[in-house]
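In: what's the 3D shape of this:
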Amino acid sequence: MEMYIGEGFAGDGVNASHINIMIGPRDGVVGQAFSTSLATPSQGHCPFMVVIKPNVPAKPMTLYVNKAAIAGDLHGNATWGASQAAIAKAVTEALLKGTLPAEAEDEWCIVTANWVNPGCTDLDEVFANNYRACTVAIEAAMEKLPGRQQLQQALPELGNPFYSPK
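Out: Residues are numbered from 1 along each chain as shown. Purely as a prediction, here's the structure:
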């Protein structure tokens, strides 16, 4: 059973994006996670299929799981609109350019967990950051990154946008 896991972060401030991604065959653990997530929404978190436009889903079939409950109209538009469009573009481009193998088109699925800040202010910036973060996450997943050397180099710089140890 194959399962590829990746992470991507792009931007800063309230329009930054953080994406966790699982990619793999529909008949494996990623397919099971996809089905379970789609069938069991929770209050404030309603997974949905990513579409390029209505009636044209991204391929491989991709499930969008929001990390932040929708907190108003702008945040809803940023999540269901700008962020979803960015995910659709990144996934579709990854398939078309060969980052994802050909069999991924109809035999694999993707689950994304996406952070869109409820305080976001700019839909275009949310789109750009989500596109970059998703592209990075897909590439990292398929290349099984980070590698041990990257981990060793990063550890002395431990930190994230919310905390850096002294």
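
In: residues touching the closest residue to Cys120 other than its chain neighbours, list them.
Out: The shortest distance from Cys120 to any residue that is not its chain neighbour, by C-beta to C-beta, 6 or more residues apart in numbering, is 4.7 Å, and that residue is Ala78. For every residue, glycine as well, the C-beta is placed using N, CA and C. Applying C-beta atoms under 8 Å, 6 or more residues apart in numbering, one finds that Ala78 lies in contact with 116, 120, 123, 126.

In: Filter those down to the buried ones and hand me the ChimeraX line.
Out: Provided next is the ChimeraX selection string for whichever of those are buried by 16 or more other C-beta atoms under 10 Å:
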select :116,120,123,126
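
In: okay, among the contacts of Ala78, which ones form the most distant pair?
Out: The distance between the two most remote of the contacts of Ala78 (C-beta to C-beta) is 10.2 Å, for Val116 and Leu123.

In: circling back to that earlier point, would you list the phi and psi of the residue nearest to Cys120?
Out: Backbone torsions of Ala78, given as degrees, to the nearest 10, read phi -70, psi -40.

In: for Lys59, same thing?
Out: With angles defined as degrees, to the nearest 10, Lys59 sits at phi -130, psi 140.

In: can you pull the contacts of the residue lying closest to it once chain neighbours are set aside?
Out: Taking C-beta to C-beta, 6+ apart, and ignoring the residues beside it in sequence, Lys59 has Glu105 as its nearest neighbour in space, at 5.1 Å. With contacts taken as C-beta under 8 Å, 6+ apart, Glu105 has the following neighbours: 59-60, 95.

In: Throw the residues you listed into CSV and include pLDDT, thanks.
Out: As requested, the contacts of Glu105 are exported to CSV (pLDDT from 0 to 100):
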residue, pLDDT
Lys59, 97
Pro60, 98
Leu95, 98
